[in-house]
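J.: A structural model of the following input is requested.
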Amino acid sequence: MANEFPQVLTIAGVDSDGSAGAQADLHSFFMRGTYGTLVLTAAVAGNSYGIHDSMVMPLEFIDHQFADLAQDLHIRASKTGMLADSAVIRCVVKNYTQYDFGPLVLDPVISTKHGNLLLETEAFETLKAELIPLATVITPNFYEAEHLTNTTLDSDDKIIAAAHQIQDMGAQNVVLKGRHDSEAQTTVRDYVLLASGQAFWLEGPYFNTDRKNGTGDTLSAVITAELAKGHDVETAVRIAKQFVDTAISHEIAVGHKYGPINHWANPLTPPEY
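T.: Below is the predicted model of the structure:
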């Protein structure tokens, strides 16, 4: 029968070196036994040394991609990645609310893991006001959480309060990723606040490596895949955390400087259908 195979969607940009963005999402979808689809929002020219150019897709083209997927496929869960500006964010909101593409995992690409801002002020405000309320799960990194809450997260109590503040913005479940930019670290602690009010810390080892491109994309993509297969949010988050830790801890020799994580270090999960 048509569309029994679990299908998922990433709404994101593509990186020419394949280390992050939609490529990392599609790698993750495949490794977790789901069929990945893409609404392309932007294209980035870059490699392990850095990003050198980018192009945003026309809004009409984004609309057509959504319409074509809705006409033919059964998307069970979706995620976002790079949404370049307010116009793109509003286009995604319009289409996501028009079609049934399952629960939404929002990877809010606001800043890098080192704190460098990636969104202009108008786009940032549009994301907060219009996209976050649609999120089943939101996965901000440490600095994104600071920007979202306008808070310096220098204690556990402040991290916990920030997660609640982000949930109050409309996201049902919050995965606030811990800081991981110090060579002196030995662990990374993520804070998870569920829609039920249950909360817990996820602790894992800190890996001192330059092979970390695509980490946030992969975490959110694995959560998306697991939700599409019917797992609850807590189970999906725990699977994603383990998947990312394994991918980081087994380096892959691609590129010269800041390379990708190794999705293939994880066992291939057969599809459930």
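
J.: so where do the strands sit in this structure?
T.: Taking DSSP state E as the test, the strands found in the chain are 7-15, 35-47, 50-56, 75-80, 104-106, 137-138, 173-176, 187-193, 199-205.

J.: Adjacent strands (with direction) for the fifth one?
T.: Paired with strand 104-106 in the same sheet, following DSSP bridges, are strand 75-80 (parallel), strand 137-138 (parallel).

J.: Mean pLDDT, distance to residue 167 and mean neighbour count for these - can I get that in TSV?
T.: Glycine gets a C-beta too; all of them are placed from N, C-alpha and C. Output for the strands paired with strand 104-106, formatted as TSV (pLDDT from 0 to 100; distance: least, Cβ to Cβ, whole Å; neighbours: other Cβ atoms under 10 Å):
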stretch	mean pLDDT	distance to residue 167	mean neighbour count
strand 75-80	98	18	26
strand 137-138	98	8	28
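
J.: and of these, who's closest to residue 248?
T.: The closest of those to residue 248 is strand 75-80. By Cβ to Cβ, the value is 19.5 Å.

J.: so where's the stretch 151-273 of the chain shaky on pLDDT?
T.: Along the stretch 151-273 of the chain, segments meeting pLDDT under 70 span 181-183.

J.: rerun that using 90 as the cut-off
T.: For the stretch 151-273 of the chain, the stretches flagged by pLDDT under 90 are 179-187, 204, 206-214, 253, 255-259, 271-273.

J.: Same list as before, the strands paired with strand 104-106 that is, but in CSV and with distance to residue 102 included.
T.: Formatted as CSV, those follow (distance: least, Cβ to Cβ, whole Å):
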stretch, distance to residue 102
strand 75-80, 4
strand 137-138, 12
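
J.: Indicate which one of these is closest to residue 200.
T.: strand 137-138 (14.6 Å).

J.: hmm, back to that, for residue 217, which of the strands of the chain is the nearest?
T.: Closest to residue 217 of those, according to Cβ to Cβ: strand 7-15, at 7.5 Å.

J.: next one: that closest one to chain centre, how far?
T.: Taking Cα atoms, centre = their mean, to the nearest Å, one finds strand 7-15 lying 10 Å from the centre of the chain it belongs to.

J.: what's the answer for stretch 158-170, then?
T.: A distance of 18 Å separates the centroid of the chain from that of stretch 158-170, by Cα atoms, centre = their mean.

J.: Provide the contact partners of it at residue level.
T.: Stretch 158-170 is contacted by residues 128, 132-135, 138, 140, 145-146, 148-149, 151-153, 173-174, 176, 191, 193, 195, 199 when judged by Cβ atoms under 8 Å, 6 or more residues apart in numbering.

J.: Do I have it right that residue 93 meets residue 135?
T.: No - the criterion here is Cβ atoms under 8 Å, and residue 93 misses it with residue 135 at 11.1 Å.

J.: so what's residue 233 closest to, chain neighbours aside?
T.: Leaving aside its sequence neighbours, residue 233 sits nearest to residue 173 (Cβ to Cβ, 6 or more residues apart in numbering; 4.9 Å).

J.: For residue 7, which non-adjacent residue is closest in space?
T.: Excluding the flanking residues, the one nearest residue 7 by Cβ to Cβ, 6+ apart is residue 35, at 4.7 Å.

J.: now the one you found: how far from residue 269?
T.: With distances taken as Cβ to Cβ, to the nearest Å, residue 35 is found 13 Å from residue 269.

J.: Which of those two has more residues huddled nearby?
T.: residue 35 (21 against 17; other Cβ atoms under 10 Å).

J.: And that one, what's its pLDDT?
T.: Looking at residue 35, its pLDDT is 98.

J.: contacting residues for it?
T.: Residues near residue 35 by Cβ under 8 Å, 6+ apart: 5, 6, 7, 8, 29, 271.
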